[in-house]
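Q: Sequence first, predicted model second:
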Amino acid sequence: MDQIERIQIANASRLLTKLLESQEKRETRDANRQRVALAAARGLRSNLVEREKLLPFMPATSPGWRILLELFIAEGEHQQISVTDIAVVAQLPGATVIRWLRLLEQHGLLSRRPDAFDKRRTWLELTPNGSGVVLAIVQDVAAKVAPAIDIASFG
């Protein structure tokens with residue numbers, strides 16, 4: 001192997017190393033964004049509960065948003081959630097849940113999947129579109145709130 005070939009191999013090696021590092025950085029950045037979004041979603045859920053404690057006569061938000069938020073959190077925590085579960089965790093009446101599930105499904109935000117072992121149960125999950133929409137909303141909230149927290153904490 002002559003000197004030119006060694007230089008070419010070294011250059012190719014450096015280029016491959018940079019490409020791999022870039023991919024790892026992107027994957028790490030994406031994973032961090034997902035963790036931040038999940039934490040923000042949990043914070044939003046906690047805020048909804050607190051608002052309704054302080055103002056019990058005024059619903060904090062639309063039942064549809066509560067359902068989407070709970071499905072997003074379940075997805076982030078790798079948990080399955082059923083139609084019955086969503087009524088409990090979102091603290092909504094069953095009839096309201098059924099009505100909103102139909103609407104959210106019609107808009108392509110969630111899908112239903114029958115339980116393979118218990119035909120009475122139906123699992124819910126966000127569609128990729130639904131997950132993307134909730135992620136965008138939660139990231140927007142996090143981006144708008146984070147600077148205020150930074151100023152309050154360190155300013």
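A: Looks like it came in fine.

Q: distance of Asn129 from Pro114?
A: 21 Å (C-beta to C-beta, to the nearest Å). Placement of C-beta: from N, CA and C, glycine included.

Q: sorry, that was for Leu16
A: 47 Å.

Q: now Leu48
A: In terms of C-beta to C-beta, Leu48 sits 30 Å off from Pro114.

Q: Settle it for me: which of those two has more neighbours?
A: With neighbours defined as other C-beta atoms under 10 Å, Leu48 and Pro114 compare such that Leu48 has more, 18 against 11.

Q: looking at it, the more buried one is touching Thr61, isn't it?
A: Yes: if you go by C-beta atoms under 8 Å, Leu48 and Thr61 touch, sitting 6.0 Å apart.

Q: Phe117: what secondary structure?
A: coil (DSSP: H, G, I helix; E, B strand; the rest coil).

Q: what about it, how many neighbours?
A: Neighbours of Phe117 under the rule other C-beta under 10 Å: 6.

Q: Ramachandran coordinates for it?
A: Main-chain torsions, Phe117, degrees, to the nearest 10: phi -110, psi -20.

Q: And Leu124, its phi and psi?
A: phi -110, psi 150.

Q: do you know how far Lys144 is from Thr61?
A: For Lys144 relative to Thr61 (C-beta to C-beta), the value is 17 Å.

Q: Equivalent analysis for Glu21, please.
A: Distance from Glu21 to Thr61, by C-beta to C-beta: 42 Å.

Q: With neighbour numbers in mind, choose between these two.
A: Thr61 (13 against 10).

Q: can I assume that one is in contact with Val49?
A: No: assessed by C-beta under 8 Å, Thr61 is found out of contact with Val49, at 11.1 Å.

Q: Strands along the chain, start to end?
A: For the chain, the strands defined by DSSP state E occupy 81-82, 110-114, 122-126.
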